[in-house]
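Fold the following for me, if possible:
(one chain, ligands or ions: 2)
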Amino acid sequence: MSTAIIGAGVMGETLLSGLVRAGRRVDQLMVGEKRSERARELEDRYGVAVVSNREAAAKADTVALVVKPQDMADVLAEIAPDLRAGQLLVSLAAGITTAFIESRVPAGVAVVRVMPNTPALVDEGMAAIAPGSHCDESHLAEAESLMASTGKVLRIPEKQMDAVTAISGSGPAYIFFVVESMIEAGVHLGLPRATATELVVQTLVGSATMLRETGSHPVVLREQVTSPGGTTASALRELEIHKVRAAFLAAMEAARNRSRELAEGS
Ligand SMILES: NC(=O)C1=CN([C@@H]2O[C@H](COP(=O)(O)OP(=O)(O)OC[C@H]3O[C@@H](n4cnc5c(N)ncnc54)[C@H](O)[C@@H]3O)[C@@H](O)[C@H]2O)C=CC1
Ligand SMILES: O=C(O)[C@@H]1CCC=N1
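Ligands and ions are numbered 1, 2, ... in the order given. Presented below is the predicted three-dimensional model:
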């Protein structure tokens, strides 16, 4: 089964590298990429064939669309003449609905909408997938196997996709923001930057591993750290006073709303 990736920026390369690591034959992969210097970089790095979008659409069994949401209509208009019924089109773009895609491609092309995230680069990705209206189990299973090469995959109804985008799609950026803030705070407290960085990163990895391995609720894990009248209680009080919880709610609502707007092409 050959797979084409159209749009090989950050997320397109993340998918490509994951497929290569998972053992997909490079001669069964191809890339369509607008920027020629970027195309050459990928040819050099992975030995993958870079072809025109139309050739990719005509030759591949599965076509992954990894261009920006704002570029999706143009790419679909370009490749629609080369697509055929039974082919699988997987869109990784935020906001873009399966209905948007289905209305621009030949009838019978199966469409799956995916929301991946960048930890896929280290095979710890979280991808959610939702079927379009001409999708059967084999199409969904193929999309699942594509994304499973870089991490976990969850099947969801498409109506949850904007909320999922706000959580796991954009989520790594929130975590990196928290990490950056904690490192800066460590430097303010007088620690060398390298020390602060090592402390914060390992604290993050350890806490994430505890969440995954114990399956305990985060409130339980937080309470275990919070000694009565101690340091953690003092810190958490400040986080509440500064409305960090409310800020997360507002931030994720903004991301969800932006995902909805992207569907309208803005
Ligand atoms: N970066 C991330 O963490 C995530 C990104 N996504 C989605 O992935 C998609 C791509 O995002 P990024 O990789 O971050 O953006 P990017 O800007 O790094 O990559 C987009 C690539 O598409 C190429 N491109 C644009 N028009 C093209 C055309 N007509 N034909 C061929 N290639 C074309 C660009 O040259 C660029 O290399 C977006 O739709 C985004 O919503 C989804 C989840 C996470
Ligand atoms: O920021 C964005 O629009 C994309 C979608 C989710 C993560 N990055």
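
these two touch, right, Leu191 and Leu199?
Yes - Leu191 is in contact with Leu199 according to Cβ atoms under 8 Å; the separation is 7.5 Å. Yep, even glycine has a C-beta here, placed from its N, CA and C like the rest.

Quick check: closest non-adjacent residue to the residue of the stretch 1-150 of the chain found nearest ligand 1.
Using Cβ to the nearest ligand atom, the point where the stretch 1-150 of the chain gets nearest to ligand 1 is Gly9, with a distance of 1.8 Å. Closest residue to Gly9 apart from its sequence neighbours, by Cβ to Cβ, 6 or more residues apart in numbering: Val66 at 7.1 Å.

What are the phi and psi values at that neighbour?
Main-chain torsions, Val66, degrees, to the nearest 10: phi -130, psi 40.

What parts of this protein come near ligand 1?
By Cβ under 6 Å from any ligand atom, the part of the chain that sits against ligand 1 consists of 6-12, 32-35, 38, 53, 66-69, 71, 74-75, 92-94, 115-118, 169.

Give me the subset of the residues you listed that also touch ligand 2.
Under the cut-off given by Cβ under 6 Å from any ligand atom, ligand 2 has 94, 169 from the residues of the chain next to ligand 1 close to it.

Can you list which of the residues of the chain next to ligand 1 are found in strands?
6, 32, 115 (DSSP state E).

pLDDT, distance to Ala255 and neighbour count added to those residues, as JSON lines?
Shown next, in JSON lines, are these (pLDDT from 0 to 100; distance: Cβ to Cβ, whole Å; neighbours: other Cβ atoms under 10 Å):
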{"residue": "Ile6", "pLDDT": "98", "distance to Ala255": "25", "neighbour count": "27"}
{"residue": "Gly32", "pLDDT": "98", "distance to Ala255": "28", "neighbour count": "28"}
{"residue": "Met115", "pLDDT": "98", "distance to Ala255": "11", "neighbour count": "29"}
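
The residues you listed into JSON lines, with extra columns for distance to Ala233?
Formatted as JSON lines, these follow (distance: Cβ to Cβ, whole Å):
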{"residue": "Ile6", "distance to Ala233": "52"}
{"residue": "Gly32", "distance to Ala233": "55"}
{"residue": "Met115", "distance to Ala233": "37"}
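
Can you tell me which of those residues is closest to ligand 2?
Using Cβ to the nearest ligand atom, those come closest to ligand 2 at Met115, 6.9 Å.

I figured the closest one was touching Met161, is that so?
Yes - Met115 is within contact range of Met161, at 6.0 Å (criterion: Cβ under 8 Å).

Identify the bridge partners of Lys152.
Met126 (DSSP bridges).

show me what contacts it?
125-127 (Cβ atoms under 8 Å, 6 or more residues apart in numbering).

Let me see the ranges of the strands in the chain.
3-6, 29-32, 49-50, 62-65, 88-91, 110-115, 125-131, 151-155.

how about those strands, which one is nearest Thr203?
Among the strands of the chain, the nearest to Thr203 by Cβ to Cβ is strand 125-131 (20.8 Å).

does ligand 2 sit close to the closest one?
No - on the criterion Cβ under 6 Å from any ligand atom, strand 125-131 is out of touch with ligand 2, staying 11.3 Å away.

mean confidence score for that strand?
Strand 125-131 carries an average pLDDT of 98.

domains for this protein, by residue range?
As given by automatic domain parsing, the domain ranges for the chain are 3-161, 171-263.

Figure out the length between the terminal residues of the shortest one.
Taking Cα to Cα, to the nearest Å, domain 171-263 runs 20 Å from one end to the other.

same deal with stretch 81-90?
OK, stretch 81-90 end separation, Cα to Cα: 17 Å.
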